[in-house]
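Colleague: quick check, what structure comes out for this input:
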Amino acid sequence: MTQRLGRILIVDDEEDLCQMMFLLLKREGFDPIVALDGETALEMIGRGMPDAVLLDVKMPGLDGLEVLRRAKNLEPNLPVLIMTAYGGVHSAVEAIKQGAYDYLTKPVNNHMLSEKLRQAIANRSGAPKRAKPPGRSRDSDGLRLDEIMGPSDAIDKIMSEIGLVAPSDFTVIVQGETGTGKELVARAIHQASLRAKAPLVPVDCGAIPETLFESELFGHEKGSFTGAVNRRPGKFELAQCGTLLLDEISNMPLSCQIKLLRAIQERSFFRVGGRDPIDVDFRLIVASNQDLMSRVSQGLFSRDLFYRLSEFTIVIPPLRERKEDIIHLSNRFLQTANLELKKKVTGFSESAVQLLLESQWPGNVRQLRSSVRRAVLQASDRVQPEHLSVEPPHWETDTATFARSEVGSFDGLPLKEIVRRNTMELERRVLVRVLRKARGNKAEAARLLQVDYKTILVKIKQYGITIFPEDEDERKGAK
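Modeller: Prediction:
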């Protein structure tokens, strides 16, 4: 007979939800039982039945917080996980303060639920603590990497790769577009490594002028150059016994790459103006928003340095290729924005969800976070499409195609005039696309384009735009 992982008491007044969670937990190897109200739940707890409790906050009669308080009086070590809707994060935070083990937002992520219950039961039982699985250890905000980045297969694969490489001292290249979370992955590697107690020192390679490169990384002695009034350690020294993260290394000038390669190979360097070599022990992680091999082929990155760095590579796919993560992240950002702005926005409308999924998100997670935050500021109940500041899909593609196909028709004109005419035509096409998306609603189009209503009216008149005729894309704007 299969050994059960532990008895879980599900407490919720929604019978259908209880049945669904009962079947889920049964399939995961738990032994679930159900209480449809707080009084019944407390009676079961008093009989010492559950190993953990899954408790809804909003219930008629005794609410979740009161049940939690009484349950803790009965069984102080009983782990209680709170379930709450998106607008109930305030209650969940209060529950944590009152002794709840953790909280989950509805709809509950199945993988996350199972993982948290396993941890809760293991902690209660006093079983020997194992090292946390890499990527599942919590960050400074109490979140695991899968909670931060999403539940998609792509993120699951990245977590497995982190688990594989973290215990070693391999140099790791983390590659992905801007805003995909490269530093998060680097921090997860560091936290799961044997160097976790030492510092992780990040360096933005694109922000260091070539003339200050050596001083920034290797430090300098007093008086070694004008302005060097004191001895200053560099980033290499600060990362002693820890991890050095070289962010956006593809932006580093070639002359600096040669000096970096020598320091990495020898694990030794001289401060600027120094005479004695300084030995260092560190783990190196580099991040890039470009394919470094392509940069090597173009002669923009040192081949020798690339081969020295590429012991292990983790590639983070862009958000547009991880549709499963978009809604997870949007809901998380909505919760955070509710707390920050002291609002109670309950979620996203169906059309808003569709817009989130269809958008290309060229700025990836960073852009999504900003968009949701602005939407929560504007919304009163649920987020609607007009609250989301997102670019309609395929604008970048349309712009590139237009640039290739139209410039030739302005041969013989000055560059300034060519640019002016191209810009006007592109602006007209964008307006037509957005007005169609907004079904002719000029106010909504203004919100999508982040301009005022009067500007939309002036542009429509300027370009002679008629919103819905089938041949509109073929028309030329009125001259």
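Colleague: tell me the spacing between residue 240 and residue 280.
Modeller: 6 Å (Cβ to Cβ, to the nearest Å). For the C-beta atoms, the positions are set from N, CA and C on the backbone; glycine is no exception.
Colleague: no, scratch that, I was asking about residue 311
Modeller: From residue 311 across to residue 280, the span is 18 Å (Cβ to Cβ).
Colleague: helix or strand with the lowest mean pLDDT in this protein?
Modeller: Within the chain, no helix or strand scores below helix 395-406, which has a mean of 43 by mean pLDDT, DSSP states H and E.
Colleague: what is the subsequent helix or strand relative to that helix?
Modeller: helix 415-437 (DSSP states H and E).
Colleague: for that next one, which helices and strands make contact with it?
Modeller: helix 395-406, helix 442-449, helix 453-463 (3 or more Cβ pairs under 8 Å, 6 or more residues apart in numbering; DSSP states H and E).
Colleague: what's the angle from that helix to helix 453-463?
Modeller: Between helix 415-437 and helix 453-463, the angle comes out at 110 degrees (axes from the mean of the first three to the mean of the last three Cα atoms, to 10 degrees).
Colleague: how far is helix 415-437 from where the chain is centred?
Modeller: How far helix 415-437 lies from its chain's middle: 33 Å, per Cα atoms, centre = their mean, to the nearest Å.
Colleague: same check on stretch 329-337?
Modeller: Remark: stretch 329-337 is offset 11 Å from the chain centroid, using Cα atoms, centre = their mean.
Colleague: could you list the low-confidence segments of the stretch 51-200 of the chain?
Modeller: The model of the stretch 51-200 of the chain has pLDDT under 70 over residues 85-94, 97, 124-143.
Colleague: let me redo that: the stretch 201-350 of the chain
Modeller: For the stretch 201-350 of the chain, applying pLDDT under 70 flags no range at all.
Colleague: check contacts around the spatially most central residue of the chain.
Modeller: Centroid-nearest residue in the chain: residue 149, 4.4 Å away (criterion: Cα atoms, centre = their mean). By Cβ atoms under 8 Å, 6 or more residues apart in numbering, the contact list for residue 149 reads 155, 158, 181, 184, 325, 329, 365.
Colleague: how about a cut-off of 10 Å?
Modeller: 135, 143, 155-156, 158-159, 180-181, 184-185, 188, 316, 319, 322, 325, 328-329, 332, 365 (Cβ atoms under 10 Å, 6 or more residues apart in numbering).
Colleague: can you count the residues close to residue 339?
Modeller: Neighbourhood size, residue 339 [other Cβ atoms under 10 Å]: 12.
Colleague: one step back: gap between the residue nearest to the centre of the chain and residue 182?
Modeller: Here residue 149 is placed at a distance of 11 Å from residue 182 (Cβ to Cβ).
Colleague: what is in contact with the two at once?
Modeller: In contact with both residue 149 and residue 182: residue 316, using Cβ under 10 Å, 6+ apart.
Colleague: which residue ranges form the helices in the stretch 1-150 of the chain?
Modeller: 15-28, 38-46, 64-74, 89-97, 110-125, 145-149 (DSSP state H, counting those that start in this stretch).
Colleague: can I see the domain layout of the chain?
Modeller: 7-125, 147-315, 319-387, 395-474 (automatic domain parsing).
Colleague: doesn't residue 283 make contact with residue 199?
Modeller: No. Between residue 199 and residue 283 there is no contact under Cβ atoms under 10 Å: 11.2 Å.
Colleague: which residues do these two both contact?
Modeller: Here residue 199 and residue 283 share the contacting residues 190, 239, 241, 242, 243, 244, scored by Cβ under 10 Å, 6+ apart.
Colleague: buried deepest among the helices of the stretch 1-150 of the chain, which one?
Modeller: Ranked by mean neighbour count, the helices of the stretch 1-150 of the chain are led by helix 145-149 with a mean of 23 (mean count of other Cβ atoms under 10 Å).
Colleague: nice, that's everything, thank you.
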